[in-house]
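> the sequence and its predicted three-dimensional model are supplied below.
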Amino acid sequence: GKLLLGLGDSFTSGGGSRSCPHVAAGLLNWQVRNFAVGGATTKNILPQLINAAAVFPVTTDIVLTIGGNDLNGIGSLASVAQLNITLFEQRAASFKPTLVSTYKQIKATARPETKIFALPYVDFISVGNGMPYKAESRRILQALNNCVRDAATEASTGYIDSVISAFLGHEMNSADPYIDNFNHPTNALHSNLKGYAKIGDVVAAHLQRNGRK
């Protein structure tokens, strides 16, 4: 059988047993292990690889989100009114070599036949419902995801771009949001269980349909 391994930060770890890797594996009838940890940066990938060492010989596919905490993505969105967006875009572009090195570190640990997929950060910015600084917030997410995409391309890993639009119609402050808003006491600007289920569905569809991209 196949085994899906999750690595990275809270966008992969969130939801616990209902995280996006768990949802995707359930839809595909695969086994799953998730070693992602909320708040993780690229420096935390090595400990995750060490913790996952026992399952690497049987891992067939890996998905991960990483880089958002290195660039303080959530903090930047929360303080967008005071943020120098151009400077953030420059920082994100200059972070690409670190992300490339991280992806290559994972590839070097995994079996040659293991498929690795970098996940972008889902676009959860509201459309047409009064959220301030929408354009600036989208620039932050776009800069972050451009870095993830370009690093994945350079490292020759997969990249599931359809994750970005997974919350279309269910953005923050919509009638049925898939993400918790700025005021949530414990999960601000992170997917709720509906969101993790949707991302898992998108990931499963990509794994089943496309394999390595």
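Nice, I can see it.
> following element in sequence after the longest helix seen in the chain, please.
Determined from DSSP state H, the single longest helix within the chain is helix 134-155. Once the chain leaves helix 134-155, the next helix or strand it forms, by DSSP states H and E, is strand 158-159.
> touching that following strand from outside, list them.
115, 116, 117, 118, 119, 120, 148, 149, 152, 153, 212, 213 (CB atoms under 8 Å, 6 or more residues apart in numbering). For every residue, glycine as well, the C-beta is placed using N, CA and C.
> what are the ranges of the helices in this structure?
Using DSSP H, the helices of the chain run over 10-13, 20-28, 45-51, 73-78, 85-94, 96-109, 134-155, 193-210.
> I'd like the average pLDDT over the shortest one.
Summarised as a single mean, pLDDT over helix 10-13 is 96.
> return it as PDB; C-alpha atoms alone will do.
Below are the C-alpha coordinates for helix 10-13, written out as PDB (Å, rounded to 0.1, in the frame of the first residue of the first chain):
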ATOM      1  CA  SER A  10       0.600  24.300  11.200                       C
ATOM      2  CA  PHE A  11      -1.100  24.400   7.700                       C
ATOM      3  CA  THR A  12      -0.100  20.700   7.500                       C
ATOM      4  CA  SER A  13      -0.400  19.800  11.100                       C
END
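> for this protein, give me the ranges with low pLDDT.
Where the chain drops to pLDDT under 70, the residues are 127-130, 211-213.
> for the most centrally placed residue in the chain, what are its contacts?
In the chain, the residue lying closest to the centroid (CA atoms, centre = their mean) is residue 65, at 3.1 Å. Going by CB under 8 Å, 6+ apart, residue 65 touches 8, 9, 11, 12, 36, 118, 119, 120, 121.
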